[in-house]
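Novice: The following comprises the amino acid sequence and a computationally predicted model.
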Amino acid sequence: MNRSTAIALLVAAPLAAHAQQGVNPIHPMFAPLDAEGRKVRWGGDVSVDKTCGACHDAQYVSAHSGHATGKAKATCVECHLDMGRLEVRPEMLDAEGRLRREFIRIGSPRAANCATCHGMVSDGTRPVVVPEDFEKVPRPEGRTWRLTQGEGAVVAPQRMGDSFLNLEGKTSLASPWDVHAAKLVDCVACHYATNNPMRTDEKHAKLRYLTADPRRQSTAEFLVRPDHRLAAEECRRCHDPFKAHVFLPYRERHMAVLACATCHIAGPMAPAVEMVDATVVTTTGLPLVRYRNLTRAPGEPLNTATVRPLRPLLVEREEADGVRRLAPVNPVSRFRWISGLDRVEVPGDLVAQAFLDGQGYAAQVLQAFDANRDGRIDEQELRLDSAAKVDLVARRLRALGVSEPTIEGTLEVYPLSHGVPARERALRDCTACHAGSSRVAEDFLIAGYLPGGTPPRPREGSKVELAGLLAIQSDGSLMLHRDQDSAPTDLHVLGHSRQGFTNTLGFALFVAVALGVSAHGIMRVVLRKMRSGADTHATGGSKGKEYVFGSYERIWHWTMAFSGMVLIVTGIVIHKSGDRAIIDLPKAVSLHNVFAVVLMANAFLALFYHLTTKAIRNFIPEPKGFLGRVLSHMEYQTRGIFFGGPHPVNAPGHKLNPLQQVTYLGLLNFLFPLQIVTGVLIWTVGNWPSAATALGGLHYLAPIHNLGSWLFLSFFVLHVYLVTTGRTPTEHLESMLTGYQPLDAEEPTP
């Protein structure tokens, strides 16, 4: 007995006694019947349809059940009876052949019933452990393991750190495997009969003006004909995300485009399958299974292998409320041999016979697969990665009676919706999405290799689409490639989505301005040093000071300057957030919004001041002699300033020179309103998601706002440089601090 077997037996031993369902005191006593409707005294002869159909409409239930179609063959027994079994023995029956009351353990399905088919479940009294048949293929009838193998989910109230699994960082995992199980919320809380009169408000007619239908079946009618097309409630049916995420900026927008599982099931800790290769078998006769989040030595039991958090793929899919959102999924590739004529899967025992001879791998198989000639076939060698290997196995299958054996690959995509841990394990790192290396658009490994070079095809009727390009890599793996600079369905993700054109144009302008002022400044310094003595216009000395900037003008200027600098810094963080950001993204967004309001309020007050005091005339060029003044200032900036020439005179009564007036007219009448309008609209989309459709989404607004930001940054650099062009590098700065300016000083730059 190996270690995992011992663990499984140890854990399973008390299961029946502890998990036994209580006696149902109101269920009518009934007689077990066989297929002919006769009373039976032994369980093996019981017909579920006849026995349950005596009171319930079994035909209706079968026709309205998601568990009675396709691969699912669950009956009333598996779901409603204790341990999923109906035991009948003579001593359990009364004189009329009815099951005695103390043996009627029938009730609503519990998690343990669901676990018999879907995944790993513990009631908290036993440590979570991987069962022995976890990797068995073909599986027992009805067993899918979809919750655990497909989603990496475990439904258990137990703390992860108390389980028998070898989890990465186990000592710090104090969260329960499933917070709902820890809160005694069972599976039927979300998956219930859709016509249950106690649970449903579903409409019975397609009338758009109805949100609910008061007409409901009676309890008696429901018990006769329960609709087993079970509901699949979404989180928002019970939870109000707007009250639980007050820390989240633009939470309305987040809730509109993100499924709850995106952050709350961000890293499941159970073994999640990457691919099942049933075209080969191990020495135990089982298919080769590769896991996405498992570090496992050859032959090592799953309970001792190291389990890492699963990093799921994010795709857009339609949720239960009909809204398409980004949600986590796990794609699982399955490869098998099928008959080329009727496309029926080749039984696993025949595949095992093609590989094994009772003593291990057959000599021919060992010769073909053992690449390093060490007398054994390891996991890297056990794959159909060449035509010779495929032909060998196909010949051996044909010798066993399989007609035209062919490899088939299918791709099953499992949405992650179970095994929700406590809120402490929810993803709160904004850079996981709002960064250049965002998981919303990262490449994703679909399969580590392709048996026979056959790519997997999505199953018909798949509800999840993988947006991207599936490409076979040089190492034989299959990778899903996505646009690294965008997100699915043109979503604009702050900090991740890149506006290529506006970024290139804006950066080019910024570089041009930076290089221009740098070259201009270097020439000033060099030529000043080449001249002997001071500048000619600086030798006359000061003739006194003049008060030119009032208190409000200076307060307005520095408020605007400080707000602009904060907006630039926080805008850079928002646009390109990451690990090296000086502040985290939520704080950057909050600061950006706050100082945007400060800047707009300051601008409105400044406009009111300039209009009421007629100071607005300083920004309006004087028509008479305007062209001459422009040429004069241009000549000074391109020549005179280098040789100490006198500063040109402004128009009478104007503090700004004509070049400044033209610049500020464009700034205040175009760029400034453009940034305010686009910024307000971006904020509107974040707080009222319905506005996104009307405005075309952020992928139109954000690039415009982004280009305006580059223009402002370029202006800021130019403005700071022009401050240094006075008689001394600090003269204009001192004027804006004190309000006074030398009478013969150069024109100030506000």
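Specialist: Nice, I can see it. What you are looking at is a predicted structure, and each value in this text was computed from that prediction instead of being measured.

Novice: Apart from its chain neighbours, what residue comes closest to A259?
Specialist: Closest residue to A259 apart from its sequence neighbours, by Cβ to Cβ, 6 or more residues apart in numbering: A327 at 3.7 Å. Using the backbone N, CA and C atoms, a C-beta is placed for each residue, glycine as well.

Novice: The one you found contacts L313, doesn't it?
Specialist: No. Applying Cβ atoms under 8 Å, one finds A327 not in contact with L313, separated by 9.7 Å.

Novice: Could you measure from the residue nearest to A259 over to P312?
Specialist: 9 Å (Cβ to Cβ, to the nearest Å).

Novice: Need the overlap of contacts for those two.
Specialist: Residues within reach of A327 and of P312 at once, by Cβ atoms under 8 Å, 6 or more residues apart in numbering, are L416.

Novice: So which of those two has more stuff around it?
Specialist: P312 (27 against 23; other Cβ atoms under 10 Å).

Novice: Just read off the phi/psi values of that one.
Specialist: Per-residue torsions, P312: phi -80, psi 170 (degrees, to the nearest 10).

Novice: Equivalent analysis for the one 3 residues further on, please.
Specialist: Note on V315: its backbone torsions stand at phi -140, psi 160 [degrees, to the nearest 10].

Novice: Which residue ranges make up each domain of the chain?
Specialist: 3-244, 276-487, 500-742 (automatic domain parsing).

Novice: so can I have TSV of those domains showing distance to A256 and mean pLDDT?
Specialist: Formatted as TSV, those follow (distance: least, Cβ to Cβ, whole Å; pLDDT from 0 to 100):
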stretch	distance to A256	mean pLDDT
domain 3-244	10	81
domain 276-487	8	89
domain 500-742	4	82
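
Novice: Out of these, which gets nearest to I265?
Specialist: domain 276-487 (4.6 Å; Cβ to Cβ).

Novice: Return the distance of that closest one from the chain's centre.
Specialist: 22 Å (Cα atoms, centre = their mean, to the nearest Å).

Novice: Buried residues in the longest helix along the chain, which are they?
Specialist: The longest helix of the chain (DSSP state H) is helix 500-530. Using 16 or more other Cβ atoms under 10 Å as the test for burial, helix 500-530 gives 502-503, 505-506, 510, 513, 517, 520.

Novice: circling back: would a markdown table of the domains of the chain with distance to R253 be doable?
Specialist: Output for the domains of the chain, formatted as a markdown table (distance: least, Cβ to Cβ, whole Å):
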| stretch | distance to R253 |
| --- | --- |
| domain 3-244 | 12 |
| domain 276-487 | 11 |
| domain 500-742 | 4 |
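
Novice: right, and those domains - which one's nearest P268?
Specialist: Closest among those, using Cβ to Cβ: domain 3-244, at 3.2 Å.

Novice: Show the subsequent helix or strand relative to the lengthiest strand in the chain.
Specialist: Ranked by number of residues, the top strand in the chain under DSSP state E is strand 324-339. Next along the chain after strand 324-339, taking DSSP states H and E as the criterion, comes helix 348-355.

Novice: Just list what the next helix or strand after that following helix packs against, helices and strands only.
Specialist: Sequence order places helix 363-369 as the next helix or strand after helix 348-355, per DSSP H and E. Identification of packing neighbours for helix 363-369 by 3 or more Cβ pairs under 8 Å, 6 or more residues apart in numbering; DSSP states H and E yields helix 387-399.

Novice: If we use 10 Å, what do you get?
Specialist: Other helices and strands packing on helix 363-369, by 3 or more Cβ pairs under 10 Å, 6 or more residues apart in numbering; DSSP states H and E, are helix 348-355, helix 387-399.

Novice: which one of those is the most hemmed in?
Specialist: Mean neighbour count (mean count of other Cβ atoms under 10 Å) peaks for helix 348-355 among those, with a mean of 20.

Novice: orientation of the helix or strand harbouring Y721 relative to helix 500-530 in degrees?
Specialist: Using DSSP H and E, Y721 sits in helix 698-723. Calculated by axes from the mean of the first three to the mean of the last three Cα atoms, to 10 degrees, helix 698-723 forms an angle of 10 degrees with helix 500-530.

Novice: Can you give the distance of the following helix or strand past helix 698-723 from its chain's centre?
Specialist: The C-terminal neighbour of helix 698-723 among helices and strands, as given by DSSP H and E, is helix 731-738. Averaging C-alpha positions (Cα atoms, centre = their mean) puts helix 731-738 51 Å from its chain's average.

Novice: Next: stretch 589-608.
Specialist: Using Cα atoms, centre = their mean, the offset of stretch 589-608 from its chain centre is 33 Å.

Novice: tell me the contacts of V597?
Specialist: 563, 683 (Cβ atoms under 10 Å, 6 or more residues apart in numbering).

Novice: buried stuff in whichever strand or helix holds it?
Specialist: Following DSSP H and E, one finds V597 within helix 585-612. Across helix 585-612, burial judged by 16+ other Cβ under 10 Å covers 585, 588-589, 591-593, 595-596, 598-600, 602-603, 606, 610.

Novice: May I see the helices and strands packed on helix 363-369 arranged in a markdown table, with distance to V493 as well?
Specialist: Shown next, in a markdown table, are these (distance: least, Cβ to Cβ, whole Å):
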| stretch | distance to V493 |
| --- | --- |
| helix 348-355 | 44 |
| helix 387-399 | 43 |
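
Novice: closest one to N657 among those?
Specialist: Distance to N657, taken as Cβ to Cβ, is lowest for helix 387-399 among the helices and strands packed on helix 363-369, at 79.8 Å.

Novice: Need the contact partners of the closest one.
Specialist: With contact meaning Cβ under 10 Å, 6+ apart, helix 387-399 is reached by 279-280, 337, 339-340, 346, 350-351, 353-355, 362, 364-365, 367-369, 381-384, 386, 402-407, 451-454.
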